[in-house]
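# dropping a prediction and its sequence here:
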Amino acid sequence: MRKSKPTNTAANDMGLLPSTNLDNFWVTVLLLKHGEGNDCADIEAAIGQFLKSQVFMSLLNWSSNRNAIPPVKNDEDKQAIMLISFLSNCLGFPIENPDFLGFLLNELRRFETSFNRYIADQVNQDAYGYEQKSFKLLSWLTEAKLTSILDFNYTDHSFSHSEAMHVIYDRNIHGSIEDQPIIGIDQSMFPAVDRKYEFSKTYRVLEATKRHVDQSVMSHQIKQIVFFGHSLGPADYSYFQSVFDYLDIYENNVEIIFGFAPYGDLSVDAAAHVQEPRVAALFDEYGKSMDNQAHGNNLLHKLLLENRLSIHNYKNAEEMSYFEYKRFNGGE
């Protein structure tokens, strides 16, 4: 049973967010990372960086020896002391039988539960409008071709029940708001024998198979891969590597499209420029994993030369579906 928290005075004293009631360890870590200039939305990067940091080691030592408080020599020591204060005074970290990694995993599950409620609330504000926008977008991404969807979002939809969309199968690989979202790090960060591996998406998806087993979205008949709305962050590189390996994209005639749509005040060019370095970084990292390093080094060049890779703007998806566009322009 979770102990009631004393007060949040200690968290306020840290100077993190004086007017905010912090009640989750990972939210606090995320705010600290944001203070260092990192993306405030990238919780998975914050988790990975923390688990590899000296701050984590200091807290792990402190969890089993409450006298092991690090002397303040650098910024990492300051962060460790802030988090020790937060754990003691705000989260009620237990003195008896402490299990620091178990505690952090539980905090991650609490974060996921809160995140789940937030996403559900956002969708429910305009559920019909959200479904219509999703339908229009997917119609452009699929263009009435037989499609399987590997969905990294957490929202549910009815694509697989729509004959017009030609969706064979879709899977929310990291859970959904109807189940439990999964947030985690890339499995390559730690070996499986390290308990920190339990924070990886691979391990946590494995845990989820105890609740249900999904069929595969993969098929050797796939001739086109379309990415849309994904940050292409390192936390999901293992998935992309598996897909690229399965389809043998170096040798086979598989087209890869990275889609985007301008958002906020971004122009089309600015939105494309956001995507370009992410695509380059993804193929650079994937190339390093290939057995033939010569192939890995020239993979991106080969795909471009063969016109098998493109970055595409899907701004029309905001106005009408692909099917409407075809009708208005004399198509079937």
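Noted; the coordinates are in hand.
# could you double-check that Ala261 lies in contact with Tyr314?
Yes - using C-beta atoms under 8 Å, Ala261 is in contact with Tyr314, at 5.0 Å. Using the backbone N, CA and C atoms, a C-beta is placed for each residue, glycine as well.
# what do the two both touch?
Leu137 (C-beta atoms under 8 Å, 6 or more residues apart in numbering).
# so where's this protein shaky on pLDDT?
By pLDDT under 70, the low-scoring segments of the chain are 1-21, 34-41, 157-165, 209-215, 316-332.
# try 80
Counting by pLDDT under 80, the ranges of the chain that qualify are 1-22, 33-41, 95-97, 126-132, 143-144, 156-171, 177-180, 208-216, 263-264, 315-332.
# could you pull out the strands in it for me?
In the chain, the segments counted as strands under DSSP state E are 147-151, 167-172, 224-228, 255-260, 309-313.
# what is the first one packed up against?
Think strand 147-151. strand 167-172 (3 or more C-beta pairs under 8 Å, 6 or more residues apart in numbering; DSSP states H and E).
# ok, back up a step: closest one to Phe93 among the strands of the chain?
Among the strands of the chain, strand 167-172 comes nearest to Phe93, with 32.8 Å by C-beta to C-beta.
# name the residues of the closest one that are buried.
Residues of strand 167-172 classed as buried by neighbour count (16 or more other C-beta atoms under 10 Å): Val167, Asp170, Asn172.
# in space, what's closest to the second one - neighbours in sequence excluded?
Going back to what we said before, that points to Asp170. Ile149 (3.6 Å; C-beta to C-beta, 6 or more residues apart in numbering).
# number of residues surrounding the one you found?
When neighbours are defined as other C-beta atoms under 10 Å, Ile149 has 21 of them.
# same question, Thr113
13.
# contact partners for it?
Taking C-beta under 8 Å, 6+ apart as the test, what Thr113 contacts is Gln180.
# let's see that with 10 Å instead.
Counting by C-beta atoms under 10 Å, 6 or more residues apart in numbering, Thr113 touches Asn24, Gln180, Pro181.
# ok, Phe244 next?
Contacts of Phe244 by C-beta under 10 Å, 6+ apart are Ile225, Tyr250, Val254, Ile256, Leu282, Phe283, Tyr286, Gly287, Ser289, Met290, Leu299.
# from Gln293, how far out is the closest residue to the last one other than its chain neighbours?
Which is Leu299. Counting by C-beta to C-beta, 6+ apart, Leu299 lies nearest to Gly287, which is 4.8 Å off, once chain neighbours are set aside. Distance of Gly287 to Gln293, computed by C-beta to C-beta, to the nearest Å: 8 Å.
# likewise for Glu107?
41 Å.
# what segments of the stretch 151-300 of the chain are helices?
201-208, 237-247, 268-289, 293-305 (DSSP state H, counting those that start in this stretch).
# what of the stretch 1-150 of the chain?
Under DSSP H, counting those that start in this stretch, the stretch 1-150 of the chain gives helices at 9-13, 25-35, 43-51, 54-64, 75-89, 100-124, 127-142.
# please name whichever of those helices is nearest to Leu304.
Of those, nearest to Leu304 by C-beta to C-beta is helix 127-142, at 21.2 Å.
# between the closest one and strand 147-151, how many degrees?
120 degrees (axes from the mean of the first three to the mean of the last three C-alpha atoms, to 10 degrees).
# can you list the helices of the stretch 151-300 of the chain in a markdown table and add distance to Lys78?
Below are the helices of the stretch 151-300 of the chain laid out as a markdown table (distance: least, C-beta to C-beta, whole Å):
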| stretch | distance to Lys78 |
| --- | --- |
| helix 201-208 | 31 |
| helix 237-247 | 32 |
| helix 268-289 | 31 |
| helix 293-305 | 41 |
